[in-house]
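Asker: with the input below, show me the fold.
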Amino acid sequence: MQDRANLPPRPALVLGAAGLLPTVAALLVMLFAGRANQDIAFRAAGTYGAIILSFLGGAWWGLAAARGHKRDLMFWLGLAVLPALAAWGVVFALSPRSVAVLSGLFLLCLWTDRELTRRFVAPEWWLAMRLPLSLCMAGLHMIIAVVRFVRT
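Answerer: So this is what the prediction gives:
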């Protein structure tokens, strides 16, 4: 039986899963709607993914500020800024390629999530929540990038 301290709280699970819905909706529109709506859905998916990536960086900043060791604070806060900068680049040059990069960035973020958990900066349940969410966002954005590439 898994230790309850490692299980994410229900509100975090529910709200985290709900955060996937706009991306799922955008993908469905891209698959089944007319061309004009596909264009809107692609822009919405890329922009929303960039917002979520930035949000994740903000979460890292909050964790580091609240629980990080002073000697490591510059490292964690500096790392926390990178997702917003990367997200800006994705939105600035929105294309199937940049959305594919966004997919990879969600996977890359798992390293930081793991390290924050391992070093007791994030709560024990953090990685158990972040892993499926990041994998889903990465997979959805890669599918969106491929669909957009194939249809242009």
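
Asker: find the residue at the geometric middle of this protein.
Answerer: residue 53 (4.3 Å; Cα atoms, centre = their mean).

Asker: from what I can see it touches residue 89, true?
Answerer: No: using Cβ atoms under 8 Å, residue 53 makes no contact with residue 89, being 10.4 Å away. For every residue, glycine as well, the C-beta is placed using N, CA and C.

Asker: what about the helices in the protein?
Answerer: Along the chain, counting by DSSP state H, helices occupy 10-18, 21-32, 35-67, 73-92, 96-118, 126-151.

Asker: count of neighbours near residue 114?
Answerer: Residues lying near residue 114 (other Cβ atoms under 10 Å) number 15.

Asker: once you drop chain neighbours, what's closest to it?
Answerer: residue 127 (5.7 Å; Cβ to Cβ, 6 or more residues apart in numbering).

Asker: for the one you found, give me its contacts.
Answerer: Each residue near residue 127 by Cβ atoms under 8 Å, 6 or more residues apart in numbering is listed here: 110, 113, 114, 117.

Asker: likewise for residue 105?
Answerer: Residue 105 neighbours (Cβ under 8 Å, 6+ apart): 53, 83, 86, 90.

Asker: one more pass at 10 Å, please.
Answerer: Contacts for residue 105 (Cβ atoms under 10 Å, 6 or more residues apart in numbering) come out as 49-50, 53, 56, 82-83, 86-87, 89-90, 134, 137-138, 141.

Asker: for this structure, which spans come out with low pLDDT?
Answerer: 1-5 (pLDDT under 70).

Asker: thinking again about what came up before, common neighbours of residue 53 and residue 89, please.
Answerer: With Cβ under 10 Å, 6+ apart as the test, residue 53 and residue 89 both reach 102, 105.
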